[in-house]
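Q: Sharing a sequence plus its predicted fold:
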Amino acid sequence: MSFLKQFTLPVKGLSLGRSSFKYEIGNEFFEHFENSEIEKANIQLILEIEKQSRMLVLDFKIHGKIQTQCDRCLDEFDLEIENHQKLYVKTGNEESDENDDMIIITENEHEFNIAQFVYEFVNLSLPIKKVHGNNKEGKSLCNNEMLNKLKNYSVNDDKKIDPRWDKLKDLM
């Protein structure tokens, strides 16, 4: 937990107006989150904070690379990620996080840790389908050997359909 302490913002110590923080997020950051899909990363986070009398506006700008597995050929590759998120932190009587982009902390809070939010924002920047890109000629950078194996296992119209499936069609 001590590693994640560097992501603790001194809420009371910030002066009114704008502040900026830079973070380098690497492999060690993701080791602190159970079942993290990301193991290797080189990410830069620029956090701009606007402190108002009763609210903080946190502006997260995330850019970098993570190493992930291609969903098509299963080879590892570096995936560029970029994300821009805002988080509003208000002070109130009770803590609350009912809204996705607004957190309410008590007026007694002196610190606010952003590590969980950084983790979530990085994960939100991942595409649903992670595949190698294409080269300049438009050809896929995926492992050709694996793609050829997949073609051999794909369903062809030439293959005979199991007659049991035809019997099911009769039920309609």
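A: Sure thing, it's come through.

Q: List the contacts of Lys136.
A: For Lys136, no contacting residues are found, by CB atoms under 8 Å, 6 or more residues apart in numbering. Bear in mind the C-beta positions are built from the backbone N, C-alpha and C, glycine included.

Q: err, Gly17, not the other one
A: Residues in contact with Gly17 (CB under 8 Å, 6+ apart) are Glu50, Lys51.

Q: Show me what it bridges to in the sheet.
A: Counting by DSSP bridges, Gly17 is bridged to Lys51.

Q: Quickly note the distance from Lys151 to Asp75.
A: Distance of Lys151 to Asp75, computed by CB to CB, to the nearest Å: 16 Å.

Q: Between the two, which is the more surrounded one?
A: Taking neighbours as other CB atoms under 10 Å, Lys151 and Asp75 compare with Asp75 leading, 13 against 9.

Q: quick one: His63 from Asn113, how far?
A: Look at His63 and Asn113: by CB to CB, they are 22 Å apart.

Q: again, but for His84
A: 21 Å.

Q: what do you get for Lys129?
A: Lys129 is 32 Å from Asn113, by CB to CB.

Q: can you map out the strands along this structure?
A: Taking DSSP state E to define them, one finds strands in the chain at 8-10, 17-25, 40-51, 55-69, 76-92, 96-99, 102-106, 111-113.

Q: would you turn the ones you listed into JSON lines with distance to Glu145 and mean pLDDT?
A: Putting these into JSON lines (distance: least, CB to CB, whole Å; pLDDT from 0 to 100) gives the following:
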{"stretch": "strand 8-10", "distance to Glu145": "48", "mean pLDDT": "88"}
{"stretch": "strand 17-25", "distance to Glu145": "34", "mean pLDDT": "93"}
{"stretch": "strand 40-51", "distance to Glu145": "23", "mean pLDDT": "95"}
{"stretch": "strand 55-69", "distance to Glu145": "16", "mean pLDDT": "95"}
{"stretch": "strand 76-92", "distance to Glu145": "15", "mean pLDDT": "92"}
{"stretch": "strand 96-99", "distance to Glu145": "47", "mean pLDDT": "68"}
{"stretch": "strand 102-106", "distance to Glu145": "49", "mean pLDDT": "86"}
{"stretch": "strand 111-113", "distance to Glu145": "45", "mean pLDDT": "88"}
